[in-house]
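Enquirer: predicted structure and sequence below. I'll ask about it afterward.
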Amino acid sequence: MSLQLLAGQKALRIPAVAALVAVLGSALAVWPTLIVAGTIVACIVVLAARAPAYAFLLSILLFASEGSLKAMVAHEGTPFVASTDAVGAALLDLCLTASLVALVRDDSARKLRHVWESLPRSARIGLVLLVIWMVISVIQALVIGSLSQGLHGFRLVQAYVVVGVLGALLLGRLSQKTLVPLLLSGLLLVSGYALFRLVVGPSDVERTYNLSRAGIETYGGVGRAAGSFSAAAGLASYLVPAAAFAFVLALALPRYRLLSSAVFGTAVVGIIGSYVRTGVVALVLGLLLGGGLLVAQSGWSRRRRFALLGVVVLVIVAGGIGTAIASRASPDLMARARVFVHPLEDESVQIRLTTWKVTLDEVARHPLGTGVGSVGRASGYSGDGTVIADNSYLKILREQGWLGGPIFIVGVIVLLVALGLASLDRSRSVDPIVVGALAGVFSFLALGVAGEYIEQPGKVLAWFFLGLAVLQIGRVRTREELATGE
């Protein structure tokens with residue numbers, strides 16, 4: 001009897017599998033991008049259970065596909081009630097969340113304690129300030145303004161700070177020999193695709209999607225490079241920190257010089273092709289910081305320091321020439337390029353200064369803030385139009401007032417300065433990854449002065465770099481202490 005029952009069950013499996021294949025085949029024919037993306041997400045979730053560090057790193061890199069993914073999903077549609085943009089964002093967030101949860105479950109308390117104990121006191125103060133800011137943000141999101149808007153705004157900004165920094169801090173088991181080539185290879189795919197699209201132009205689906213979004217995606221008939229992102233600003237937000245990071249590694253790590261140089265070169269072309277003027281300035285500042293920290297490191301000969309300074313200057317001059325050449329593509333671009341010579345005469349700069357004044361007036365009227373999510377993309381979900389501050393720090397200040405805004409700004413500054421000083425400690429060995437990560441974070445933070453870049457996709461990479469710098473400082477100090485028996 002049992003044999004007959006077993007035979008019947010096996011017989012039922014055949015039509016069940018056939019039905020499943022038919023359903024998946026039909027879904028693949030109607031929503032191919034959604035099914036493929038869902039399969040990739042499922043693979044990352046499975047990978048997170050076995051190798052969470054690899055899954056998290058892949059999720060950080062996969063976030064660079066947000067524009068192409070949303071464009072394809074919007075073109076094909078979905079069976080869900082939610083908007084296609086929300087579906088695309090949810091798929092990417094699911095990868096990050098699943099990999100972070102797996103990392104947290106993998107003995108996270110011990111890993112975080114080791115990093116914490118190895119950090120200098122000033123870096124601990126910076127981290128504590130960011131934790132306090134996060135707690136204040138949660139309270140303000142629940143109490144001030146619209147609850148749905150507050151939660152959406154928290155997801156766009158604060159949640160990614162937690163994900164990026166915490167995830168990087170838990171990558172302790174991923175060695176430098178594995179982390180660096182994987183990260184650089186992924187960044188090369190992102191910057192390489194941006195270069196490819198700059199040469200051949202975006203696909204019809206990507207072009208239609210990008211032009212349908214708010215913002216200026218052409219100047220004088222010349223399209224702005226967006227790569228695999230939703231807009232040129234999103235591309236710049238990701239490539240600017242990536243280029244600064246790759247530049248430092250190209251100078252300081254001969255083993256990865258070819259790969260790092262390829263990332264830097266393609267990223268610079270993408271930044272110039274995006275025509276984001278602030279991106280060029282932010283990258284220069286990141287290169288100056290990274291080059292300056294390398295020059296100041298102990299053990300470098302005077303000849304090598306002068307050679308390094310020469311390389312930094314040469315790269316900046318070459319980038320300026322490239323920007324000037326690219327701006328000759330149309331009269332509008334030439335007019336925009338004059339901002340580097342006469343910034344206060346530029347119309348967009350004047351509008352930005354006016355926006356800043358209005359934002360500061362709002363801060364004066366609402367000292368406790370107007371609510372998390374009340375400025376930026378989350379503010380537009382009410383249908384009344386998007387409120388802008390045109391500055392990431394003024395956005396935080398207006399939303400969270402004099403309680404949350406200054407704590408965030410001071411916390412980031414204290415942490416960056418502490419990590420920079422720790423990297424210059426002459427009693428310890430230099431770690432180029434720390435310098436590269438700091439250069440990447442700094443360039444992104446500089447980019448945020450001229451827009452709400454703290455909401456752009458590059459935030460994921462930038463906060464990851466911040467956490468990576470903290471992790472590597474802890475690693476170096478731990479190795480030195482073990483070697484000296486302290």
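Expert: Right, received. Where do you want to start?

Enquirer: count the neighbours of residue 97 for me.
Expert: If you count neighbours by other CB atoms under 10 Å, residue 97 ends up with 16. Bear in mind the C-beta positions are built from the backbone N, C-alpha and C, glycine included.

Enquirer: list the residues that contact it.
Expert: Contact analysis of residue 97 by CB atoms under 8 Å, 6 or more residues apart in numbering lists residue 163.

Enquirer: what helix or strand is it located in?
Expert: helix 84-105 (DSSP states H and E).

Enquirer: check which element follows that helix along the chain.
Expert: helix 108-118.

Enquirer: picking up where we left off before, direction-wise, compare the helix holding residue 97 with helix 108-118 and give the angle.
Expert: 80 degrees (axes from the mean of the first three to the mean of the last three CA atoms, to 10 degrees).

Enquirer: what mean pLDDT does helix 84-105 have?
Expert: In this model, helix 84-105 has a mean pLDDT of 89.

Enquirer: so who does the closest residue to residue 312 other than its chain neighbours touch?
Expert: Spatial nearest neighbour of residue 312, excluding adjacent residues (CB to CB, 6 or more residues apart in numbering): residue 291 at 3.9 Å. Contact partners of residue 291, counting by CB under 8 Å, 6+ apart, are 247, 248, 251, 308, 309, 311, 312.

Enquirer: likewise residue 98?
Expert: Residue 98 makes contacts with 44, 45, 48, 55, 59, as judged by CB under 8 Å, 6+ apart.

Enquirer: before we move on, the earlier item: next, the buried residues of the one helix or strand the residue nearest to residue 312 maps to.
Expert: Using DSSP H and E, residue 291 sits within helix 277-296. Of the residues in helix 277-296, 277-295 count as buried by neighbour count, 16 or more other CB atoms under 10 Å.

Enquirer: low-scoring stretches of the stretch 1-150 of the chain, by residue?
Expert: Filtered on pLDDT under 70, the stretch 1-150 of the chain yields the residue ranges 1-30.

Enquirer: whoops, I mixed them up, the stretch 151-300 of the chain
Expert: Scanning the stretch 151-300 of the chain with the threshold set as pLDDT under 70 gives 213-223, 298-300.

Enquirer: swap in 50 and give it another go.
Expert: The model of the stretch 151-300 of the chain has no residue with pLDDT under 50.

Enquirer: in this protein, which helix is the longest?
Expert: When the chain is parsed with DSSP state H, its longest helix is helix 392-423.

Enquirer: who are the packing partners of that helix?
Expert: When contacts are defined as 3 or more CB pairs under 8 Å, 6 or more residues apart in numbering; DSSP states H and E, helix 392-423 packs onto helix 121-143, helix 277-296, helix 347-365, helix 432-447, helix 458-484.

Enquirer: and these as CSV, adding distance to residue 387?
Expert: Formatted as CSV, the helices and strands packed on helix 392-423 follow (distance: least, CB to CB, whole Å):
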stretch, distance to residue 387
helix 121-143, 16
helix 277-296, 20
helix 347-365, 9
helix 432-447, 20
helix 458-484, 19
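
Enquirer: what's the neighbour count on residue 155?
Expert: Neighbour count for residue 155, taken as other CB under 10 Å: 16.

Enquirer: so which helix or strand takes in it?
Expert: helix 147-156.

Enquirer: before we move on, what about residue 389?
Expert: In the assignment (DSSP H and E), residue 389 maps to no helix and no strand.

Enquirer: mind pulling up the pLDDT for it?
Expert: 85.

Enquirer: swap in residue 303?
Expert: At residue 303, pLDDT is 72.

Enquirer: with the one 4 residues further on instead?
Expert: We note a pLDDT of 71 for residue 307 in this prediction.

Enquirer: give me the neighbour count for it.
Expert: Residue 307 - counted by other CB under 10 Å - has 14 other residues nearby.

Enquirer: same check, this time on residue 439
Expert: 31.

Enquirer: isn't it right up against residue 245?
Expert: Yes - taking contacts as CB atoms under 8 Å, residue 439 lies within contact range of residue 245: 6.3 Å.

Enquirer: so what sits against both of those two?
Expert: Joint contacts of residue 439 and residue 245 (CB under 8 Å, 6+ apart) do not exist.
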